[in-house]
Structure formats: C-alpha cells, structure tokens
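Colleague: Sequence and computational prediction follow.
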Amino acid sequence: MGKIVYYFIFIILFNGCKSAVTTKMPKPTVSDFTIAFGSCNKSSLNNPLWDDIVASNPDVWIWGGDIIYADTDNRNKLREMYLEQDRVEGYALLKTQIPVIGTWDDHDYGLNDGGVEFKGKTWSQQEFLDFMDVPMDSPRRSQEGVYASHDYTLPEGNIKIIVLDTRYFRTALTPDRETKKRNKPNVYGQGTVLGTAQWAWLQNELNNSKANFNIIVSSIQFLSNEHGFECWGNFPHEVDRLKNLIASSNANGVVILSGDRHISEFSRTNVDGLAYPLIDFTSSGLTHVYSSFSGEPNPYRVGEVVNTKSFGLLHFDFNQKSVIFKMVGDDGELLGELEQSY
C-alpha cells in the first residue's frame, strides 16, 4: 500500500515538474540596450503587466498610443484621465525607475479615428506633453504635433528613437462602401499621414543619423494593410515614401514599432535598396485585447498573432548587430519571439 501511495505522489510531482519545465518563459537575454513598449491602456481597467515591464529592466518605456481612452473635446476630462493614469500604482512605480517617452493615438488625441480635423488638438497636445513631463521651455511646446527624437549614447553604440505623430496632420480616410471593411486605400497620391513639416523633419532625422539602430514609433501599423482599419496602407503613397526614405537615407538598423490594433504581431518585408528586412513590431494591448480574433489577412506576418494582454521588448546587441524582439505576457510569459541581424 505504501509503495502505491509513493507511486502516485511521484506521478503528481513528475507531472508538476514537467508542466513547469514546458512553460514558455523568456530566456535571460544579454542586451546592451532594452526597449519596452506597448499601447491600448485603459486606466479604469487592471493592467497586470506593469510589474513584468519593470522586472524586464528596460532602459526606456515607450507609449505607442492610446495611453488613455478619453475620446473627448473636454480639456478638463482629458486632463483628469491622464492624472488617473499617473495614479495607477504599477505605472507610478515604473516612472520612478524607467524613463518614459512616446506618442498618442486617436483615443488620447481626443477623437476616435481622428486626424487633422479635430478642433481640440492644440490644447490636447499640451495635456499630452504635461503627462509626458515635457519641460515648458521645450521646442515641442511650440511646434504643431507631438513628434520627437530621442538619442541614447552607450559605450557600445548609439540608438535613435524617432517618435511620430500620425494624428495631428493626418487627412481624411476613405470609407469602404463595398465590403464589410471600415476603410479602403485612398486614391494614390491623395492625402497625408505626417504632413509637410513632419515629413521634412523625419527626412532630416534619418539622413543625418549616425546611430547603430534607428527605431521609428508609429501609433498605427505600417506594413499590415489589408484589414480595413486604420493603418499606413490607407495612404499607399505614404507607405512608398517612407520605404524610399528609409532606403535612401542609409540609416542603420531601422525598425518600426506600432500599436492600435489590440493584437500583437510581427510583420516583415524586403525593401528595394535596403540591405536588411524592414520589421514592423505591433504590440497591443495592455489592458484589453481583441480576444475574439479569428484571423485577418496580413501578407507580411511572421509567426502567429497574439490576442492576449502583452507588451513588447527589444534587446539590442551592438557587437552582433542584432535585435531580439519579444512579445511578453503576464508573469513574464513569452508569447512570441523574432531575431533579426542588421
């Protein structure tokens, strides 16, 4: 009888150990510089990821947009929602340990799917900059749009993070009246995502960059273009323009980070004149996701779509000229991984 009891105890322990061993957790990664980023965050909902983000020990946290869900032309309401987010315990702790940068998307901009037409964008920009602790004497306080660049210099090399504003200047979308999709691509050459001033600024940033890696933060997806929601693909000429700019600039290691979609995925394509593949890493969302996701076309997708709460990690190795991209869930669970050399 005693042997039978010990046998069952052994089986239980064995199965328990086996389960622990096969749990998909991130392996420790040697990193000269680490970026953590994410999007789609409701301050009224629990975000189980803040402790995991802090534990990943990133050098910077990047908001990819939809920091709050205000959707309002009431400045006081917008301000209070930013203050509410600042009071979230996990985020408040993160801010004491990790530098924070980022951009907005439509819901923190103030108008769902909004662009250049939003009448509250001037004061909304100031509220956003207040939340991001941008000094009052910063040039970003007087420019139109929240775009900015951030340079990080390390003994091993340099990283430039270019944060775009895909809201302030973005012109009208074309509704799709023929299918169940929300939007369809504009007539080629019609409309803009970035606007004249921001395009000129971006060209200067890339053309003059000496960084080992250049990270472009876009609140909306750049490569995935067939789902009918907001994306650069609604302005196909703007997609071509950015691809051509990246290639002609000879900027090193350009990567695009995006959000908005409530799913996470890797997209990758080859660009004429570019010596390495262009990757668009979408990480979304932090507090709520497209849990009923059942599939959508993306000709550039690499791996599987993740539709559980997650954030993105990028580990940079200057010596190997490589980046490891990770989708990370609650309790540090590794949900997806991609490695690329440059």
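Modeller: Yep, that arrived. Numbering: from 1, shown residues only.

Colleague: Return, as residue ranges, the portions of the protein with sub-threshold pLDDT.
Modeller: Along the chain, segments meeting pLDDT under 70 span 1-28.

Colleague: Find the residue closest to residue 63 in space, skipping its chain neighbours.
Modeller: residue 102 (2.8 Å; CB to CB, 6 or more residues apart in numbering). Placement of C-beta: from N, CA and C, glycine included.

Colleague: count of neighbours near the one you found?
Modeller: Counted with other CB atoms under 10 Å, the neighbours of residue 102 add up to 25.

Colleague: close enough to count as contact, it and residue 60?
Modeller: No: applying CB atoms under 8 Å as the test, residue 102 and residue 60 come out as separate, 9.5 Å apart.

Colleague: Show me where the stretch 51-200 of the chain has its helices.
Modeller: Applying DSSP state H, counting those that start in this stretch to the stretch 51-200 of the chain gives helices spanning 75-86, 89-97, 106-109, 121-131, 195-207.

Colleague: from the chain's centre, how far out does the second one sit?
Modeller: Mean-position distance between helix 89-97 and its chain equals 19 Å (CA atoms, centre = their mean, to the nearest Å).

Colleague: dump the residue contacts of the closest residue in space to residue 319 that isn't next to it in sequence.
Modeller: Once flanking residues are discounted, residue 319 sits nearest to residue 156: 7.1 Å by CB to CB, 6+ apart. Applying CB atoms under 8 Å, 6 or more residues apart in numbering to residue 156 gives the contacts 32-33, 318-319.

Colleague: So of the residues you listed, which two are at opposite extremes in space?
Modeller: Spanning the widest gap among the contacts of residue 156 are 33 and 319, at 12.1 Å by CB to CB.

Colleague: Those two: which has the busier surroundings?
Modeller: In this view residue 33 and residue 319 are compared by other CB under 10 Å, and residue 33 has more residues nearby, 21 against 9.

Colleague: Can you tell me the closest non-neighbouring residue to the more buried one?
Modeller: Nearest residue to residue 33 in three dimensions, chain neighbours excluded: residue 316, at 4.4 Å (CB to CB, 6+ apart).

Colleague: Which helix or which strand is home to the one you found?
Modeller: Here residue 316 sits within strand 311-317, counting by DSSP states H and E.

Colleague: packing partners for that strand?
Modeller: Applying 3 or more CB pairs under 8 Å, 6 or more residues apart in numbering; DSSP states H and E, one finds that strand 311-317 contacts strand 33-38, strand 254-258, strand 322-328.
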